[in-house]
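Student: Provided below for reference: sequence and predicted model.
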Amino acid sequence: MSASSSNGLLLTSMSGRHDNMEAGGSSKLPEDVQHPSDHHEQLEHDPDDPFDLDNTKNASAQSLRRWRQAALVLNASRRFRYTLDLNKEEHYESRRRMIRAHAQVIRAALLFKLAGEQQIGAIASSSSTPSASTGNFDIDLEKLVSMTRNQNMSSLQQHGGVKGVAEKLKSNLEQGIEEDEKEVIDRKNAFGSNTYPKKKGKSFYMFLWEAWQDLTLIILIIAAVTSLALGIKTEGLKEGWLDGGSIAFAVLLVIIVTAVSDYRQSLQFQNLNDEKRNIQLEVMRGGRTVKISIYDVVVGDVIPLRIGDQVPADGVLISGHSLAIDESSMTGESKIVNKDQKSPFLMSGCKVADGVGSMLVTGVGINTEWGLLMASISEDTGEETPLQVRLNGLATFIGIVGLTVALVVLVALLVRYFTGTTQDSSGATQFVKGTTSISDIVDDCVKIFTIAVTIVVVAVPEGLPLAVTLTLAYSMRKMMADKALVRRLSACETMGSATTICSDKTGTLTLNQMTVVETYAGGSKMDVADNPSGLHPKLVALISEGVAQNTTGNVFHPKDGGEVEISGSPTEKAILSWAYKLGMKFDTIRSESAIIHAFPFNSEKKRGGVAVLRGDSEVFIHWKGAAEIVLGCCTQYMDSNGTLQPIDSQKEFFRLAIDAMAKNSLRCVAIACRTQELNKVPKEQEDLDKWSLPEDELTLLAIVGIKDPCRPGVREAVRICTSAGVKVRMVTGDNLQTAKAIALECGILASDTEAVEPTIIEGKVFRELSEKEREQVAKRITVMGRSSPNDKLLLVQALRKNGDVVAVTGDGTNDAPALHEADIGLSMGISGTEVAKESSDIIILDDNFASVVKVVRWGRSVYANIQKFIQFQLTVNVAALIINVVAAMSSGDVPLKAVQLLWVNLIMDTLGALALATEPPTDHLMHRTPVGRREPLITNIMWRNLLVQSFYQVAVLLVLNFAGLSVLGLSQDSNHAHAVEVKNTMIFNAFVMCQIFNEFNARKPDEMNVFSGVSKNPLFVAIVGVTFVLQIIIVTFLGEFAHTVALSWQLWLASIVIGLVSWPLAVVGKLIPVPRTPMSVYFKKPFRKYRASRSA
């Protein structure tokens, strides 16, 4: 298979594709990658390999420890900086217990520390410490904090309950605080702001210290100091400092450049962590629902709570229905706590597990236990990624080879030296028994030892695993601009392996801008969806009451008479807007009747209801939900005259109406009600909380069809996925007909003929299949309608068992298990709950499917960039090692000196990683199949490229080393020592030129044109330019320091030509066909056979 037909860097592996290239993908991809089952066995998991860890998302601590112990590491503090802290949970739990037991003392100590640092003034306005005064408020801060922390009911009653506390805080339980900046500042000054002092990140000096911990660099410094002392002693200060000083300076340069690169990475991660913590939430201010940052919440704020929300501060419950809170993050007990007027206290950091409610904020920042906990622990950004683990395995293998080579060179040089066969540059024997002084012997041995250690520095690719974090840090920053916030590093690269995306419909494939466009009410279709003229006032009144009370949205009328503001979820906003146009008086209805019990909308039941008490005697139950489900519960409907009629004769008419609307891509919602005798309603609050709202014998009031248009560009995004070998599946709670219509509009279904079971299936049907049947059917599913979150979880599990790498989108709390189970969980930034976001790996900030496709591009880019860097680095490794080994064995000297090798190491490790790991993604990446998780890191194409370049470089350098004097016309030079120095400088210069030009080849391992898109990466161009300029300076001006001499322009031209040849050579090399079976299979077979024979 030639390079042009190899489908890029990557072959497909067992976690990649399957026999069915669905949705037309087969026509886009090379035939040889459509049926990879023939080498599944060759790429199977190796349980004996500690680095064979294809998924780190839910990996055990034992497997993580195992690979770390197996890795050959020179600088553990740097290598493992971004890995998971395996004791994190234990540390978090101990801090949580301590804070729960000694919160008051810890808070006082923290305040004292902040005051001692003289930050009290600044923090009072911007961070977390309140001033002593409570200003114009009638309640003391300490009493407020103590009441909430101790959950003191008697103290709450003394203040007059939640209403009394609100009055003392000058807040309104329905309207909230005034929407005024001065009001907010006054509250921050009196009670603190909702922030906490962050633990300071590592300073630049800490990164310098960590870079210094490299064992080989420490040895080189010791060798440099020894060489420096001996040189000064024998040759005097003027000449004697050069050898040792040059190595010491080169080591310091490596340390500084490494530290700068690492420090910049840490700042990027820090900024991303700040983004992750900055939750946006809704509060009531001046009667209006406004969206603010969690950091802007103040004492006195009224905050609505819905399922999946995080409790943003300490507070007291105002009202709630079936409100259940998960307090495990604070108490450590994984049980759900019901909140009502008997247990009204809410703790910051907990999650709403069920129900709805509203709370009054009474404590923020370090006045809460959550704030104290966050202030006492540092954010752990560490996490293994599969690629990082595998690169550590590769680095360990290369490192062992490098150590072996260095040892061989050391022994060879020492043997040659002490046998008297090593000569200096003037041709004199270096060691003569009985004549050479001890100090000269020590000095020569130190130089030999330094060369061997420098070979280790070059050979052990310490920066290779760290290149993953570099490229991930770069990608994560760029992905923010593409509306994707990465919460887990591994997801970024795993997305490159995704073979299927299970996407929600609403808001992801559609715009989430909903409007009611069709209405059936009074037994017939209305001519204008929101014109009440043909409806009886009684029917309009019941619809208005049902919409106004059975909602989590709000209608706000500005005091200045401006346009009405409607808030809530897109569906709620659409229905509220429709009812408002029918004549609904939102505030009047809510004041004239009271909700006595609520069943919040449930994605399992697809409906939600409320019990409303009118006056003292009349109770109405209002339901709203999926049209066909609510219709099934109805026994009558209200006609246009306001009269109740049996529904049996009209049921088929309504069913056909729902089908017709669904086929037009409309979401169908039914509104129904019934009366309930007051004596059948539980009197006690405890019984009322357990009461199930009656949902039979309902009266149908209206069915509305809500239009939610497809997002622009989503059809193209689906097409790109399909051509890239990624199957897009739609999983929605909507009616199957609506789902089918949207799928056809988005291009997920190609035609009506495809829309047959099981390609399009209901969640209920899929759920009732056996596990084996689900696995068989899952491969063929393209659209799943009327699905519950559990159906989505079952689909994810079935697909993963089939070998798919699954990305799944979700926004609800009940989506958390599926998001956690999937290889990549994608939550929605706008519509997603906090529970969904915390369970996800990536947050799609604009809820747009096109952004999901961009994440796939970035995932593939991460993998491709790492492979570019591997190819570049291994080419340098192979060439540098071979040239030094051959020269050492044959002549007892090496042409590439310690300082020169350190410079090459800097080009290769730090600068090379920066240049190649920051390549932006290209369209070419989406013309390949997904990256297989068992795919060898070094593909056959890479082997071909690096061997072609390495052999060329080795051949040229060996010719220069052994025949350089005659080839370069230096054999006639009367000064033999100078001629040798020119030859060695030429070898060094040609070697560096080869790396500079080969860096371009590494950009496009499988494309002929290595310059395409180079202008889009200014960092690459800058690094290549800086490297070239520094090389000129080193050769021309740092002669004695770098063991070089100034070269003539002819030799410079020759060096550049030698480097330039690597470009046409790369083109020729890409014409060489490579076998499909990965080389690693041939390497592993003997080891596996050996292990099998041992265990037999």
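Tutor: Great, that's in hand.

Student: from here on, just use CA atoms for contacts and neighbour counts.
Tutor: Fine.

Student: what about residue 697, how many neighbours?
Tutor: Residue 697 has 15 neighbouring residues, counting by other C-alpha atoms under 10 Å.

Student: close enough to count as contact, it and residue 674?
Tutor: Yes - Residue 697 lies in contact with residue 674 (C-alpha atoms under 8 Å); the separation is 7.1 Å.

Student: got the domain ranges for this protein?
Tutor: 141-195+295-376, 385-474+857-1083, 484-510+711-847, 515-707 (the TED database).

Student: and residue 441, that's in a helix?
Tutor: Yes - when classified by DSSP: H, G, I helix; E, B strand; the rest coil, residue 441 is found to be part of a helix.

Student: rebuild the domains of the chain as JSON lines, extending it with mean pLDDT and distance to residue 215.
Tutor: Formatted as JSON lines, these follow (pLDDT from 0 to 100; distance: least, C-alpha to C-alpha, whole Å):
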{"stretch": "domain 141-195+295-376", "mean pLDDT": "88", "distance to residue 215": "33"}
{"stretch": "domain 385-474+857-1083", "mean pLDDT": "83", "distance to residue 215": "9"}
{"stretch": "domain 484-510+711-847", "mean pLDDT": "89", "distance to residue 215": "28"}
{"stretch": "domain 515-707", "mean pLDDT": "90", "distance to residue 215": "57"}
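
Student: of those domains, give the one that comes closest to residue 253.
Tutor: When the domains of the chain are compared by C-alpha to C-alpha, domain 385-474+857-1083 sits nearest residue 253, at 8.7 Å.

Student: buried residues in stretch 958-965, which are they?
Tutor: Neighbour counts using 16 or more other C-alpha atoms under 10 Å place 958, 960, 961, 964, 965 of stretch 958-965 among the buried residues.

Student: and which of the residues you listed is nearest residue 176?
Tutor: residue 958 (80.7 Å).

Student: burial check on the closest residue to that closest one other than its chain neighbours, number of neighbours?
Tutor: The shortest distance from residue 958 to any non-neighbouring residue, by C-alpha to C-alpha, 6 or more residues apart in numbering, is to residue 883 (6.5 Å). Neighbour count for residue 883, taken as other C-alpha under 10 Å: 20.

Student: over to residue 559?
Tutor: 6.

Student: which elements pack onto the longest helix seen in the chain?
Tutor: Longest helix in the chain by number of residues (criterion: DSSP state H): helix 215-277. Under the contact criterion of 3 or more C-alpha pairs under 8 Å, 6 or more residues apart in numbering; DSSP states H and E, helix 215-277 touches helix 204-212, helix 438-459, helix 463-481, helix 898-906, helix 1039-1042.

Student: any chance of TSV for those helices, columns distance to residue 944?
Tutor: Converted to TSV, those look like this (distance: least, C-alpha to C-alpha, whole Å):
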stretch	distance to residue 944
helix 204-212	34
helix 438-459	20
helix 463-481	20
helix 898-906	23
helix 1039-1042	33
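
Student: residue 603: which of the ones you listed is closest?
Tutor: Taking these one by one with C-alpha to C-alpha, helix 463-481 is closest: 30.4 Å.

Student: for stretch 649-656, list every residue counted as buried.
Tutor: 651, 654.

Student: run the chain-centre distance for stretch 775-787.
Tutor: 27 Å (C-alpha atoms, centre = their mean, to the nearest Å).

Student: on that earlier part again, among the domains of the chain, which is the most enclosed?
Tutor: Sort the domains of the chain by mean neighbour count, taking mean count of other C-alpha atoms under 10 Å, and domain 484-510+711-847 sits at the top with a mean of 23.

Student: gap between it and the chain center?
Tutor: The chain centroid and the centroid of domain 484-510+711-847 are separated by 18 Å under C-alpha atoms, centre = their mean.

Student: so residue 899 touches residue 253, yeah?
Tutor: No - the pair residue 899 / residue 253 is not scored as a contact, 10.7 Å apart, by C-alpha under 8 Å.

Student: residue 774: what's it in contact with?
Tutor: 766, 795, 798 (C-alpha atoms under 8 Å, 6 or more residues apart in numbering).

Student: got the contact list for the strand or helix carrying the first one?
Tutor: Right, the one you point to is residue 766. Element membership for residue 766 (DSSP states H and E) is helix 763-767. Applying C-alpha under 8 Å, 6+ apart, the contact partners of helix 763-767 are 774, 784, 785, 786, 787, 788, 791, 794.

Student: what helix or strand is residue 695 on?
Tutor: Per DSSP H and E, there is no helix or strand for residue 695.

Student: quickly note the distance from it to residue 634.
Tutor: 9 Å (C-alpha to C-alpha, to the nearest Å).

Student: hmm, back to that, which pair of the contacts of helix 763-767 spans the longest distance?
Tutor: It's 774 and 786 that sit farthest apart of those, by C-alpha to C-alpha, at 16.7 Å.

Student: so residue 491: helix, strand or coil?
Tutor: Residue 491 is classified as helix under three-state DSSP.

Student: show me what contacts it?
Tutor: Residue 491 touches 823, 824, 841, 842, counting by C-alpha under 8 Å, 6+ apart.

Student: what bridges to the nearest residue to residue 694 once chain neighbours are set aside?
Tutor: Nearest residue to residue 694, sequence neighbours excluded (C-alpha to C-alpha, 6+ apart): residue 621, at 7.5 Å. Beta-bridge pairing of residue 621 under DSSP bridges involves residue 611, residue 674.

Student: residue 621 contacts residue 613, correct?
Tutor: No - counting by C-alpha under 8 Å, residue 621 does not reach residue 613; the two are 9.0 Å apart.

Student: can you pull out the strands in the stretch 651-800 of the chain?
Tutor: Ranges of strands within the stretch 651-800 of the chain are 666-676, 698-707, 727-731, 760-762, 783-785, based on DSSP state E, counting those that start in this stretch.

Student: same list (these) but as a markdown table, adding distance to residue 940.
Tutor: Below are the strands of the stretch 651-800 of the chain laid out as a markdown table (distance: least, C-alpha to C-alpha, whole Å):
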| stretch | distance to residue 940 |
| --- | --- |
| strand 666-676 | 51 |
| strand 698-707 | 52 |
| strand 727-731 | 27 |
| strand 760-762 | 40 |
| strand 783-785 | 38 |
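
Student: looking at those strands, which is closest to residue 447?
Tutor: strand 727-731 (59.5 Å).

Student: that closest one pairs with which strands?
Tutor: Checking strand 727-731 against DSSP bridges gives partners strand 500-503 (parallel), strand 783-785 (parallel).

Student: can I get these in JSON lines with distance to residue 812?
Tutor: What follows is the strands paired with strand 727-731, written out as JSON lines (distance: least, C-alpha to C-alpha, whole Å):
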{"stretch": "strand 500-503", "distance to residue 812": "13"}
{"stretch": "strand 783-785", "distance to residue 812": "16"}
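
Student: got a list of what residue 778 touches?
Tutor: 795, 798, 799.

Student: which one of those residues is nearest to residue 229?
Tutor: Comparing the contacts of residue 778 against residue 229 with C-alpha to C-alpha places residue 799 closest, at 66.7 Å.

Student: correct me if wrong: that closest one contacts residue 777.
Tutor: No - using C-alpha under 8 Å, residue 799 makes no contact with residue 777, being 9.5 Å away.

Student: give me the secondary structure label for residue 827.
Tutor: Per three-state DSSP, the local secondary structure of residue 827 is strand.

Student: for it, give me its contacts.
Tutor: Counting by C-alpha under 8 Å, 6+ apart, residue 827 has contacts 809, 810, 811, 819, 836, 837, 840, 841, 842, 843, 844.

Student: how close does it get to residue 269?
Tutor: From residue 827 to residue 269 the distance is 20 Å (C-alpha to C-alpha).

Student: next one: the one helix or strand residue 415 maps to to chain centre, how far?
Tutor: Taking DSSP H and E as the definition, residue 415 sits inside helix 386-418. With C-alpha atoms, centre = their mean as the basis, helix 386-418 stands 35 Å off its chain's centre.
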